[in-house]
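Enquirer: I'd like to go over a predicted model; first the sequence, then the structure.
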Amino acid sequence: MNPDPAEGPDPFEPVRQKVLPEALKAAAFDGFTRQMLARAGAAAGATAAEIAAAFPYGSIDLLRYWSEEADRAAAAALAAESAGGLKIREKVALGLEARLAHLAPHKEAARRAAATLALPHHAPTAARLLWNTADAIWRAIGDSSTDFNFYSKRAILSGVWTSSLARWFADDSEGAADTKAFIRARIENVMQFEKFKARARDTGFDPEGMFGWLAKIRYPEGR
């Protein structure tokens, strides 16, 4: 949906920037619909033609745009000088917490966004946005893997983010302290599994090969 940077700045980026805040206020009550987007556009002073050009697929484009904004907020937190001396697990937690902090002023809209993306016909978009979030955080951390780890890191982080978001929706603790503790616990679970894999490889056993072997049993060749 985003234009090639080589072609110059996106002429409709200012429209998206001024419509998004109005849309998030409205979406908390009305959900992410075309009607909501039209009303938010009018409140932001955008014409119907500008709305159609900036969000050609309607409110789902608005959701994409907000997700990208949140990903950039997470990446910015990880690029800060204060993040330089953190351990990998601490950086992962920082990225997730920064993304939640970006969503926090519009928590009810985030809840409505999650409900919208959970609809079956939005499943491909939801999966793509989830993957992009995990990828943005790992890239901001400096991950340069290109092998199996590239995919496994993003798949695992996608699961951590999904469960953390669900926990956050039910969290009324001060400063989302319960969700932050939940995030660290889930990351610790992942780190323990990674340590198990490393110890297993030292003995000559490949856990990844085991999963491939199990897959062959579950899905025999030719079926």
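Expert: Good, I have the coordinates.
Enquirer: wait, what's in contact with the residue positioned nearest the centre of the chain?
Expert: Centroid-nearest residue in the chain: residue 133, 3.2 Å away (criterion: C-alpha atoms, centre = their mean). Going by C-beta atoms under 8 Å, 6 or more residues apart in numbering, residue 133 touches 67, 70-71, 74, 99, 158, 161. In this view, the C-beta of every residue, glycine as well, is placed from N, C-alpha and C.
Enquirer: how about residue 43?
Expert: Counted by C-beta under 8 Å, 6+ apart, residue 43 has contacts 22, 26.
Enquirer: let's go with 10 Å and repeat that
Expert: 18-19, 21-23, 25-26 (C-beta atoms under 10 Å, 6 or more residues apart in numbering).
Enquirer: how distant is stretch 169-177 from the center of its chain?
Expert: 19 Å (C-alpha atoms, centre = their mean, to the nearest Å).
Enquirer: any idea of the mean pLDDT in that stretch?
Expert: Stretch 169-177 carries an average pLDDT of 96.
Enquirer: do stretch 152-161 as well
Expert: Here the average pLDDT along stretch 152-161 is 92.
Enquirer: and for stretch 181-196?
Expert: pLDDT averaged over stretch 181-196 gives 78.
Enquirer: the residue nearest to the centre of the chain and residue 63, how far apart?
Expert: Counting by C-beta to C-beta, to the nearest Å, the gap between residue 133 and residue 63 amounts to 13 Å.
Enquirer: what residue ranges in the protein score low on pLDDT?
Expert: 1-8, 192-223 (pLDDT under 70).
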